[in-house]
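Undergrad: sequence and predicted structure, then a few things I'm wondering about:
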Amino acid sequence: MEERRLQRRLRTLGEFLLLAAFVAATLLILDGLLDGFSLRVATEEGLIAFGRALAIAAVFCGLNAVLWPLLLRAMLWVGPALLYVAVMAYSVITLLISIYVVPVAELQGTLATIVTFAVVAVVAAAVSGAIASTHDDAYRVMVMRRERRRLRRRGSQKRYATPGLLCIQIDGLGYDVLRRAARSGHVPHIAELIHSDSHRLIPWETDWSCQTSASQLGIFYGTNRDVPAFRWYDKREKRVVVSNRPEDTLWLETQRTNGNELLKGGASRGNLFTGGAEDTMLVVSQFRGPRMGGGNGYAAYFVDPANATRTTVRFIAEVLRELRQSWRQRRHDFQPRIGRGGLYPLVRAFATVVLTDVAVAAVIGDLIRGRDIIYTDLVGYDEVSHHSGVERPETLDVLRRLDAEIGLLLAVVREVERDYHVIVLSDHGQSQGATFRQRYKESLRELVHRACALPPPEQPLPRHLSGVLTRRRHSALAQNGDEHAGALGRGAETLQFAAAAFHTEADAPEKEQPSTEPIVLASGNLGLVSFPWHPRRATLEWITAHYPGLIPALVDHPGIGFVLVARDNRSSVVLGRHGSVDVNTGEVDGEDPLADYGAFALERVRRTDSFANVPDLMINSVYSPVTEEVAAFEEQVGSHGGLGGEQTRPFLLYPQELPVPGGRLYGAAAIHDVLSAWRSSASS
């Protein structure tokens, strides 16, 4: 508590120093550019003008300190547009007093006086309003009162007899990482739910494909069959499917719409899929065309000055924070690490600020409207973990700020008319480690080409440009199997999320003609190889006959843990360096290649092996049970998509009053059954 009080005081001091700096800088600029306003005589040095500007700014900010509590309260009742007018008027008065108290400035002429007061007032109003709009309590109450006024005007307020369900997904946060963060104080609001015994925290187990599209399909629709990875070559469709590309998410969603949708009649915010929701915002499967509106949610959010101000300030701060933290990693030579240059600071800010702010604001409106079920995905932790590491300081800082957003929503829940069961969960975890390329100086695709005696593949972009691909360039690389297509963040999810708001239907991929080269794709530390000209799933015998060096090169490579491949006898086998296991019978020959990958490894592999579109080769990277590190085939420090470590163990945090889930929580479909049962029990 004392630490939090100290942080608030330091933040307040920092805010006033920021305001003083802007006012002093404005006065110095006016001193140099405006005839009729001067802080010095001709014979005095510029340093004297600087000191006088600081003196006036200090008095100005001291007077503004009297306004600060009133400023925050005013924001609860009026929008920032009116607030800025009030602050500008007050700034004129305080500047007059400041110049009178510190008589070091000279004003000559009516025009100079008007310009000086107007410019300082505008700057002070903009900075003060921007700072005020970043205060969560003021922002929350302002948004709530605004939404309630809208409901009253529409006459749509009503009483609710049954509680609703609010599901908050923290993308990519593992069960054990959350436990450690709760213990270390990084997530005080979540920790309070656990320590107060209002909620129960349990883990659940993902499928082999531990990534957002597979998990959300299972959670929303009760099935995620035939989704072997984040991206894969589909021989039936004759193209590469990328799980977060709008046309592909719509295709995946349409196939699984079965009348059993979790979010039917509810709201879907910031997800890949609608889940059957009647109201959607920032849902990738619904993105259409280049317009900022069109269901994407940006226009409706940024048309409000409060939202625009709050998000702009936080966006700029996040970009600067990333630049500082990236420099710190390089300075101290943190390992493993990847390049974080190019546009990545903007991509990170988009994920941690813009997507979060838009989604949270929409959820606040949903809570006030009393929707039956609301599901939102907060993606910031996952994005930063990919580039910085699973539990690096900057990653935990993002997690702390996401926890603050959850605290904001919990405060709203306590004030709305309808009761809500608040459920916090994740879709997968993450595992850390130096990448395959960093360890072995070649990519998986280069290894496959070399083992097949094929020419080297097209050289990928330099690492410092790996986060700066255009959407069309990224699509081309994904189709050709370049692992660098995954370096754009969140397995390319975040940048694609941003680009999807602007792309046109002309960008939709055509079905490709079968390639004459194997297509090599990556999903975290899971690699996939397909031979597109072979109409059926290629078997061990077929591959050995056509590319005799491929299987031995993969199985014997120190960076590869095991390989799944079919056989001519209609069974499949998992091959490791010192043994194999029959997928159907579980019979082990030599050492079990799945022994280090957990109790459910064979079950996970067996399920994926039954998919109609399973790739010809499924390759899982090496995993160290001692350090819990993997070797991602994408350029990511923290990764997910395969087996090994905490990536397959997400969490579920739910109210104690809800029924305890029965049996083992294995697979995203099990979470669908649990949430559906809770929704049914809440509405009965």
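TA: Thanks, I have it.
Undergrad: per-residue pLDDT, Glu147?
TA: On pLDDT, Glu147 comes in at 58.
Undergrad: cool, the one 4 residues further on as well?
TA: The predicted local confidence for Leu151 comes out at a pLDDT of 55.
Undergrad: do Ser639 as well
TA: 95.
Undergrad: host element of Ser215?
TA: Assessed by DSSP states H and E, Ser215 sits inside helix 212-221.
Undergrad: which residues sit against that helix?
TA: 171, 206-207, 223-224, 227, 230, 243-244, 249, 252-253, 256-258, 260-263, 271-276, 375, 377, 382, 427-428, 490, 493, 650, 667-669, 671-672, 675 (CB atoms under 8 Å, 6 or more residues apart in numbering). Backbone N, C-alpha and C define where each C-beta goes, glycine included.
Undergrad: name the next helix or strand downstream of it, please.
TA: Sequence order places strand 231-234 as the next helix or strand after helix 212-221, per DSSP H and E.
Undergrad: paired strands for that next one, with orientation please.
TA: Next to strand 231-234 in the sheet, as set by DSSP bridges, lie strand 239-242 (antiparallel).
Undergrad: for Ala21, list the residues it contacts.
TA: Ala21 touches Ala57, counting by CB under 8 Å, 6+ apart.
Undergrad: tell me which element it falls in.
TA: Assigned by DSSP H and E, Ala21 falls in helix 2-33.
Undergrad: that helix: which residues count as buried?
TA: Residues of helix 2-33 classed as buried: 15-16, 19-20, 22-24, 26-28, 30-31 (neighbour count, 16 or more other CB atoms under 10 Å).
Undergrad: what's the closest non-adjacent residue to the residue nearest the centre of the chain?
TA: Ranked by distance to the mean C-alpha position of the chain (CA atoms, centre = their mean), the top residue is Val379 at 2.0 Å. Distances taken as CB to CB, 6 or more residues apart in numbering place Asp171 nearest to Val379, at 4.5 Å, with adjacent residues excluded.
Undergrad: least confident secondary structure element in the protein?
TA: helix 471-480 (a mean of 45; mean pLDDT, DSSP states H and E).
Undergrad: pass me the low-pLDDT residue ranges in the stretch 151-300 of the chain, would you?
TA: 151-159, 288-300 (pLDDT under 70).
Undergrad: show me where it has its helices.
TA: Under the criterion DSSP state H, counting those that start in this stretch, helices of the stretch 151-300 of the chain are mapped to 175-184, 188-195, 212-221, 246-256, 298-302.
Undergrad: report how many residues lie close to Gly644.
TA: 28 (other CB atoms under 10 Å).
Undergrad: any idea how many residues pack against the spatially closest residue to it that is not a sequence neighbour?
TA: Spatial nearest neighbour of Gly644, chain neighbours left out: Tyr623 (3.1 Å); criterion: CB to CB, 6+ apart. Around Tyr623 there are 24 other residues, counting by other CB under 10 Å.
Undergrad: show me the contacts for Tyr623.
TA: 431, 525, 561, 596-597, 629-630, 643-645.
Undergrad: which of the residues you listed are buried, as a PyMOL select command?
TA: Those of the contacts of Tyr623 that count as buried under 16+ other CB under 10 Å are selected in PyMOL with:
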select buried, resi 431+525+561+596+597+629+630+643+644+645
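Undergrad: which ones among the contacts of Tyr623 are found in strands?
TA: 431, 561, 629-630 (DSSP state E).
Undergrad: dump these to a markdown table, plus distance to Cys167 and pLDDT.
TA: Putting those into a markdown table (distance: CB to CB, whole Å; pLDDT from 0 to 100) gives the following:
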| residue | distance to Cys167 | pLDDT |
| --- | --- | --- |
| Ser431 | 25 | 96 |
| Gly561 | 34 | 97 |
| Glu629 | 31 | 96 |
| Val630 | 29 | 97 |
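Undergrad: mind putting the residues you listed in CSV, distance to Val92 included?
TA: Shown next, in CSV, are these (distance: CB to CB, whole Å):
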residue, distance to Val92
Ser431, 58
Gly561, 69
Glu629, 60
Val630, 61
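Undergrad: show me which of the residues you listed is closest to Arg310.
TA: Ser431 (34.4 Å; CB to CB).
Undergrad: now do Val102 against Val92, distance only.
TA: Distance from Val102 to Val92, counting by CB to CB, to the nearest Å: 16 Å.
Undergrad: swap in Ser196?
TA: 49 Å.
Undergrad: and Gln108, by the same measure?
TA: In terms of CB to CB, Gln108 sits 18 Å off from Val92.
Undergrad: so which residues of the stretch 551-684 of the chain form strands?
TA: 560-566, 572-575, 579-582, 588-590, 617-621, 623-624, 629-630, 638-639, 651-655 (DSSP state E, counting those that start in this stretch).
Undergrad: my error: substitute the stretch 51-200 of the chain in the last question.
TA: 106-107, 164-170, 199-203.
Undergrad: winner for burial among these?
TA: Counting by mean count of other CB atoms under 10 Å, strand 164-170 has the highest mean neighbour count of these, with a mean of 25.
Undergrad: next, the angle helix 212-221 makes with that strand.
TA: Using axes from the mean of the first three to the mean of the last three CA atoms, to 10 degrees, the interaxial angle of strand 164-170 with respect to helix 212-221 works out to 170 degrees.
Undergrad: partner strands of strand 164-170, with direction?
TA: strand 373-378 (parallel), strand 420-425 (parallel).
Undergrad: got the contact list for the first one?
TA: Okay, so that is strand 373-378. Here strand 373-378 has contacts from 164-171, 212, 216, 220, 262-263, 265-272, 275, 277, 355-356, 359-360, 362-363, 366-367, 402, 405, 427, 679, using CB under 8 Å, 6+ apart.
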